[in-house]
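Asker: Task: produce atomic coordinates for the following.
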Amino acid sequence: MLNFNKRISHTPESIWALISQIDHLKGQWIGGAKLNPQALGRLKRSVLITSTGASTRIEGARMSDEDVEKLMRGLSIKKFADRDQQEVKGYYELLENIFNSWKHIPFTESTIKHLHKELLKYSSKDERHRGEYKKGENTVEMYDEDGKPIAVIFETTPAYLTPKRMQELVDSTIKALTMKEVHPLVIIGNFLVEFLAIHPFQDGNGRLSRILANLLMLRVGYAYVPYVSHEKLIEEAKTEYYIALRKSQKTLNTDAENVTAWLDFFLKISLAQAEQAIDLLSRENIEKLLSPKQLLVWRYLETVVETTPLEIVHATKVARPTVSQALDVLLRLKRIERIGQGRTTRYKKI
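Answerer: Next up, the predicted model:
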């Protein structure tokens, strides 16, 4: 079993500071049920395209976000190899399933194999080993902008050891998440660095690691994940991504394990994702994310110095329960403040 506490016993304060910032922003996010579902649906579709394009390009595919969108709309894209199109379609559909059904997807070894099978279900060259751990050795390579391998980054776990290592990794991760003695972001970061070092499948490991990052982040409460692309942020820092991985992975299974470089990278990406999510709730974007009736309440509040819920009901013709929900949303967004308590409660725009 992996000892997460051993790995983080010398973690610098900067790591805990990043986690604190991320969790502060997490607390500001409002769940999708309270915001305009149509607007959130459009955001999610945009992220699916962006994330699919970025994640497959990191591994050497060459399709732009525009190409991904055309392909997923059923338009023919003749200038790209079948492999690129197969990988894009598999990633898009799997990530969409994660975003829509993560509550019903358990984190287990069999789930990981099933997700790998789904990821590569359109890939003809991967038909033989979909959902199966590697039978031969593989290495991790870095790709240039044209999708050509330019360097071997590191050697991975031998095939004969892979089933044992994966069982230990998944069991340790489940146990750590259940016991809650270590912060979940540290657990997820440790899982990812180890998963990518094992490289358990013949192909698709990098893409699957980002699928699993989305799943795990959602399962531990980071509800904004479907609305900002984690994959795009990694693509934009691809060199740093490989450096951080290599620096941490070469210490694994030694007497001096140290994954600080990877945790620092992973948490900075997660912080940028959280910051972009909160920016979606900024003054410039808020009207796009409110439902039509919530928007009526907000616009009325912008015209008065202060008001009561009953006055809002009369002025907007919005039902009292909906007014109460809109006020709750606007309070959590820090767009309004409450004055007084009980029957004398009034609200004003900040």
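
Asker: Tell me how far residue 252 lies from residue 67.
Answerer: According to C-beta to C-beta, to the nearest Å, residue 252 stands 37 Å off from residue 67. No exception for glycine: its C-beta is placed from N, CA and C like everyone else's.

Asker: Ramachandran angles for the most centrally placed residue in the chain?
Answerer: Taking C-alpha atoms, centre = their mean, the centroid of the chain lies closest to residue 214, which sits 3.6 Å from it. Main-chain torsions, residue 214, degrees, to the nearest 10: phi -60, psi -50.

Asker: Okay, it and residue 178: tell me how far apart.
Answerer: 20 Å.

Asker: can you check residue 202 too?
Answerer: For residue 202, the distance to residue 178 equals 31 Å [C-beta to C-beta].

Asker: Quick check: which element contains the nearest residue to residue 196 once chain neighbours are set aside?
Answerer: Once flanking residues are discounted, residue 196 sits nearest to residue 209: 5.5 Å by C-beta to C-beta, 6 or more residues apart in numbering. Assigned by DSSP states H and E, residue 209 belongs to helix 205-219.

Asker: how does the chain divide into domains?
Answerer: 1-281, 286-349 (the TED database).

Asker: any idea which of these is most buried?
Answerer: domain 1-281 (a mean of 17; mean count of other C-beta atoms under 10 Å).

Asker: what's residue 349 in contact with, if anything?
Answerer: Residues in contact with residue 349 (C-beta atoms under 8 Å, 6 or more residues apart in numbering) are 301, 302, 335, 336.

Asker: what does residue 105 give?
Answerer: In this structure, residue 105 makes contact with 97, 98, 111, 215, judged by C-beta under 8 Å, 6+ apart.

Asker: The second one: what secondary structure?
Answerer: The three-state assignment at residue 98 reads helix, by DSSP: H, G, I helix; E, B strand; the rest coil.

Asker: That one contacts residue 211, correct?
Answerer: Yes: checked against C-beta atoms under 8 Å, the pair residue 98 and residue 211 is within contact range at 6.2 Å.

Asker: Which other helices and strands does the longest helix along the chain contact?
Answerer: For the chain, the longest helix by residue count, based on DSSP state H, is helix 37-58. Contacts defined by 3 or more C-beta pairs under 8 Å, 6 or more residues apart in numbering; DSSP states H and E place helix 37-58 against helix 65-72, helix 82-101, helix 205-219, helix 230-236, helix 286-289.

Asker: Can you report phi and psi for residue 108?
Answerer: According to degrees, to the nearest 10, residue 108 has phi -140, psi 170.

Asker: now residue 133: how far from residue 202?
Answerer: From residue 133 to residue 202 the distance is 8 Å (C-beta to C-beta).

Asker: can you check residue 165 too?
Answerer: With distances taken as C-beta to C-beta, residue 165 is found 16 Å from residue 202.

Asker: again, but for residue 41
Answerer: When distance is defined by C-beta to C-beta, residue 41 is 36 Å away from residue 202.

Asker: Residue 16 too?
Answerer: Taking C-beta to C-beta as the measure, residue 16 falls 38 Å from residue 202.

Asker: what do you get for residue 348?
Answerer: 61 Å.

Asker: returning to what we had before: dump the contacts of residue 349 to a markdown table, plus distance to residue 223, pLDDT and secondary structure.
Answerer: Below are the contacts of residue 349 laid out as a markdown table (distance: C-beta to C-beta, whole Å; pLDDT from 0 to 100; DSSP: H, G, I helix; E, B strand; the rest coil):
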| residue | distance to residue 223 | pLDDT | secondary structure |
| --- | --- | --- | --- |
| 301 | 26 | 96 | helix |
| 302 | 28 | 94 | coil |
| 335 | 20 | 90 | coil |
| 336 | 22 | 94 | strand |
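
Asker: nearest to residue 118, of those residues?
Answerer: Minimum distance to residue 118 across these is 40.6 Å, recorded for residue 335 (C-beta to C-beta).

Asker: which residue packs closest to that closest one, ignoring adjacent ones?
Answerer: Nearest non-adjacent residue to residue 335, counting by C-beta to C-beta, 6+ apart: residue 350, 6.2 Å away.

Asker: so the one you found makes contact with residue 334?
Answerer: Yes: at 6.5 Å, residue 350 counts as touching residue 334 under the criterion of C-beta under 8 Å.

Asker: Packing partners of the helix or strand that residue 329 is a member of?
Answerer: Using DSSP H and E, residue 329 sits in helix 320-332. Under the contact criterion of 3+ C-beta pairs under 8 Å, 6+ apart, helix 320-332 touches helix 292-301, helix 309-316, strand 336-339.

Asker: Between the contacts of residue 105, which sits nearest residue 47?
Answerer: Relative to residue 47, the closest of the contacts of residue 105 is residue 98; by C-beta to C-beta it sits at 11.4 Å.

Asker: Distance of the closest one relative to residue 294?
Answerer: Applying C-beta to C-beta, the value for residue 98 to residue 294 is 28 Å.

Asker: ok, now residue 184?
Answerer: Per C-beta to C-beta, residue 184 is found 31 Å from residue 294.

Asker: same thing with residue 200?
Answerer: Counting by C-beta to C-beta, the gap from residue 200 to residue 294 is 46 Å.

Asker: And for residue 198?
Answerer: Going from residue 198 to residue 294 by C-beta to C-beta gives 47 Å.

Asker: Likewise for residue 220?
Answerer: Taking C-beta to C-beta, one finds residue 220 at 28 Å from residue 294.
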